[in-house]
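> All I have is the shape, not the residue letters:
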């Protein structure tokens, strides 16, 4: 995702940098292929960049923000992570107190390689400064207000359904297997809609690539729902389901359904 955002910035006439410290050879290869300029450390990035985009697993969002602020950064900090609106407000407070400018961001869609299929929503007092950086690339941007947590709130509500429903599907398939009714369930699904069983089992396998990342996102959603006065148990359970599939990270080829079901049941 990160390199696709950088590619949109470069297509819009921006210079895009990346921090190489601690990153893998695969990351270095992607950055070189798409024309990013390498900087060794976050400190070097803070010295050069007018805007910094943070897009990382949710658990790392605070650490990345604090690392940037520890360098005395005073530019625009775009937090595009899948975090709760409460965390967005907390990070925004630290960013503003340190003399930098916070923009809340959330990305809906896959990596931005197809025009307008991926949208970065932006909110906060400085959000209007961001769209020009991506205007000629594949990434679409939408400013949705000057409240610093609106973009994160939207992401949580959207992903609660899309990724939450996938977690529920995984649990249903595993339960049907454990209870010995998986053949009957498959037949019923195909009676309801021809070909739906194959699509659902393919979805079960595909999600294993990103389950390690979705676990944290489900926990953020659970906290968001609880903060809104709603039950949070389903998405806490979804986090456990994704944790059960986290061992398949970067698996190529994808595991077969039997392997995924076994991981979920154990």
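All right, it came through fine. Bear in mind the structure is a predicted one, so any value in this text is a computation, not a measurement.

> need the contact list for the nearest residue to residue 117 once chain neighbours are set aside.
Distance criterion Cβ to Cβ, 6 or more residues apart in numbering; nearest residue to residue 117, sequence neighbours excluded, is residue 109 at 5.4 Å. Bear in mind the C-beta positions are built from the backbone N, C-alpha and C, glycine included. Counting by Cβ atoms under 8 Å, 6 or more residues apart in numbering, residue 109 touches 117, 118, 119.

> Burial check on the second one, number of neighbours?
Spelled out, it's residue 118. By other Cβ atoms under 10 Å, 22 other residues sit near residue 118.

> And this structure, what are its domain boundaries?
Here the domain parsing of the chain from automatic domain parsing is 2-148, 156-265.

> what's the first-to-last distance across the shortest one?
Which is domain 156-265. End-to-end span of domain 156-265 (Cα to Cα, to the nearest Å): 27 Å.

> same question for it, mean pLDDT?
On average, the pLDDT along domain 156-265 is 97.

> Pick the most deeply packed of the domains of the chain.
Comparing the domains of the chain by mean neighbour count (mean count of other Cβ atoms under 10 Å), domain 2-148 comes out on top with a mean of 18.

> Can you give the distance from it to the centre of its chain?
Its chain's C-alpha centre and that of domain 2-148 lie 12 Å apart, by Cα atoms, centre = their mean, to the nearest Å.

> Now do it, average pLDDT.
96.

> Quote the end-to-end distance of it.
Terminal residues of domain 2-148 are spaced 21 Å apart (Cα to Cα).

> again, but for stretch 138-149
End-to-end distance for stretch 138-149, by Cα to Cα: 25 Å.

> Distance from the chain centre to that stretch, please.
Offset of stretch 138-149 from its chain centre (Cα atoms, centre = their mean): 16 Å.

> for stretch 138-153, same thing?
That offset, for stretch 138-153, works out to 15 Å (Cα atoms, centre = their mean).

> Excluding covalently adjacent residues, which one is nearest to residue 255?
Spatially, and ignoring its direct neighbours in sequence, residue 255 is nearest to residue 248 (5.4 Å; Cβ to Cβ, 6+ apart).
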